[in-house]
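**Q** I'll drop the sequence and a predicted model, then ask my questions.
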2 protein chains.
Amino acid sequence: MPSHDLPQDVSFQRQGHTELTAPPPLLTGEGGCPIRDVLDRIGDQWSLLVLAALEPETLRFNTLLRRIGDVSKQMLSRTLRRLEEDGFVHRTVYPEVPPRVEYRLTELGRSFLEPMRGLVRWADRHQAAVEAARAAYRARIGE
Amino acid sequence: MPSHDLPQDVSFQRQGHTELTAPPPLLTGEGGCPIRDVLDRIGDQWSLLVLAALEPETLRFNTLLRRIGDVSKQMLSRTLRRLEEDGFVHRTVYPEVPPRVEYRLTELGRSFLEPMRGLVRWADRHQAAVEAARAAYRARIGE
DNA sequence: CAGGATCCTCCCGGATACTG
DNA sequence: CAGTATCCGGGAGGATCCTG
């Protein structure tokens, strides 16, 4: 069986990006796959929610904790550090007792929410369609 | 309900959480936060990559498997079933021997990729800024 | 109050084998 | 070829305790 695979278009695989003909560039980028990048950034459970929470106003750690509601201190801390590291969030420590730490979006972080709005709008608009598709699926198979 | 913005309040908490601090639930006729919805849909490791792979052309299971490269059969199978259930992907079985199954995007699935492009474009444009922020962070602390 | 350290649990997801 | 069933290890992430 001569079925040894010749990968035809590996342009959005991790790392192994030997550049070759990409018929329609579309979502596959050069070098690192942009979709992978995006996923690495916002694919986790909390980053987006933190950004959304900070969108209207600067918040302190514990306030953020309560606002999101179902995130643990550990995860919030990790998420914030990552967001700070990536330049999405700015952290300000006020040398007071008790300590006060405020988090606010940077311009970069704010600019990121822009395209996110498109996604949210999509979810809004097509929620019914998705629901319908699920119902149809259940009717066809799930039953 | 007009096209709503990113939540200004606690309206993006998961339902089933006893509310204590914030008064108004603001938007959301019923407890779903759009951001949570989006995350639930594309937050997983593979959905987006599958959609992207199917964007230019209809593909068969094993082809898809190789195209993505680092996904297991199990996860691809699960992902495809979820995408089919949600109406993003259509599955066609050809009664042949050996069996042939093709996956293609539905209009819904295709429309979803539209706002995704915005995100990809953002990642493209700001990749350098993120990298710079990381370098600055490392210089400040990581060292 | 902000968050690090530690422990521990659960489940995601890869590998493999099997079926139609 | 197109999946499903089973096993299993590693990591995500919650709970708790502890510091400054």
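**A** Alright, I've got the coordinates.

**Q** how close does the spatially most central residue of chain A sit to DNA strand D?
**A** Closest to where the C-alpha atoms of chain A average out (CA atoms, centre = their mean) is A:Ile42, at 1.6 Å. According to CB to the nearest atom of the strand, to the nearest Å, A:Ile42 stands 12 Å off from DNA strand D. C-beta coordinates here come from the backbone N, C-alpha and C atoms, glycine included.

**Q** ok, now A:Val120?
**A** For A:Val120, the distance to DNA strand D (CB to the nearest atom of the strand) stands at 20 Å.

**Q** that residue - how many residues pack around it?
**A** Residues lying near A:Val120 (other CB atoms under 10 Å in any protein chain shown) number 23.

**Q** helices along chain A, start to end?
**A** Along chain A, counting by DSSP state H, helices occupy A:34-42, A:47-54, A:61-68, A:73-85, A:107-137.

**Q** point out where chain A drops to low pLDDT.
**A** For chain A, applying pLDDT under 70 flags the ranges A:1-31, A:143.

**Q** what parts of it come near DNA strand C?
**A** A:60-63, A:73-74, A:77-78, A:80-81, A:91, A:93, A:98-101 (CB under 7 Å from any atom of the strand).

**Q** contact residues of chain A facing DNA strand D?
**A** Residues of chain A lying close to DNA strand D (CB under 7 Å from any atom of the strand) are A:3, A:44-45, A:70-75, A:98-99.

**Q** most neighbours, which of those?
**A** That'd be A:Val71 among those, by other CB under 10 Å, with 21 neighbours.

**Q** so what's that one up against?
**A** Neighbour list for A:Val71: A:45-46, A:49, A:65, A:79 [criterion: CB atoms under 8 Å, 6 or more residues apart in numbering or on different chains].

**Q** appreciated, that's everything.
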